[in-house]
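Participant: One predicted model, sequence on top.
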Amino acid sequence: MKYFFLYFILAACIGAALFSCSSPVLGDEEGVVLSANSSYEQATSWRIVYGSDFSEEKTITVKNLDHVVADLQKNTPSYILAYPISENGKDLSLPYGAIPPFSTKISPKDGFAASILKELYCSSEKTEAIEYNIKHFNWLRFMEICREYENPWLINRSRIIAAIHKGKFKKSDIKIDVKRN
């Protein structure tokens, strides 16, 4: 009887470890609930494209952005791009976006930063150096800088991608692409 209480506590701790959200026993993905800062009034639906790491991207279509759940890699920068779609199925604007785990609010200005992350994952061969550069890049700060621009989509994206790819990004790498103005 003396040890019953001790065994009970031990069993409870093991059970909690096995069934907690961060348990490696349950896999490397977690459900992330997304929300939107604003809405695009002409959109009748949204095409959500998301991915984590160098894994295959996923696409879903939803009627609104009120409550969207995406399964993403834990502790890894992930991209989410939300394209507003018209009644005839055409994309209405550049995508809204977010980069979990740093942000789960889908916004127009974060769409640019999320598209940079997507391009790095999709256009790069997976190597330890590239994976390290992506995982250790300050995505939160990059999103904050992009939000300072009226239209971050005018920023020279190839320059940013090359700098992040090499692990040598500086704020001075952010330049407006004069060809797009």
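Facilitator: Thanks, I have the structure now.
Participant: Distance-wise, check P101 relative to K135.
Facilitator: Between P101 and K135 the distance is 11 Å, computed by C-beta to C-beta, to the nearest Å. The C-beta positions use only the backbone N, C-alpha and C, and glycine is treated the same way.
Participant: Now do the shared contacts for those two.
Facilitator: When contacts are counted by C-beta atoms under 8 Å, 6 or more residues apart in numbering, the set common to P101 and K135 consists of 76-77.
Participant: Look at the closest residue in space to N156 that isn't next to it in sequence and say how many residues are nearby.
Facilitator: Among residues not flanking N156 along the chain, D177 sits closest, at 4.2 Å (C-beta to C-beta, 6 or more residues apart in numbering). Burial measure for D177: 13 neighbouring residues, criterion other C-beta atoms under 10 Å.
Participant: pretty sure D177 contacts N151?
Facilitator: No. No contact is recorded between D177 and N151 when judged using C-beta atoms under 8 Å, the distance being 10.9 Å.
Participant: Now stretch 87-102: average pLDDT?
Facilitator: This predicted structure assigns stretch 87-102 an average pLDDT of 85.
Participant: That should have said stretch 55-75, apologies.
Facilitator: If you average the pLDDT values across stretch 55-75, you get 82.
Participant: If we go by neighbour counts, what in that stretch is buried?
Facilitator: Of the residues in stretch 55-75, those with enough neighbours to count as buried (16 or more other C-beta atoms under 10 Å) are 62, 65, 68, 70, 72-73.
Participant: Please report how far E87 lies from I60.
Facilitator: The span separating E87 from I60 equals 19 Å under the rule C-beta to C-beta.
Participant: Correction: the previous question concerned L72.
Facilitator: Look at L72 and I60: by C-beta to C-beta, they are 13 Å apart.
Participant: Kindly report the same for T127.
Facilitator: Following C-beta to C-beta, the distance that separates T127 from I60 is 30 Å.
Participant: Run through the residues that contact R157.
Facilitator: R157 sits next to 112, 115-116, 119, 177 when contact means C-beta under 8 Å, 6+ apart.
Participant: before we move on, what SS does P101 have?
Facilitator: In three-state terms, and counting by DSSP: H, G, I helix; E, B strand; the rest coil, P101 is coil.
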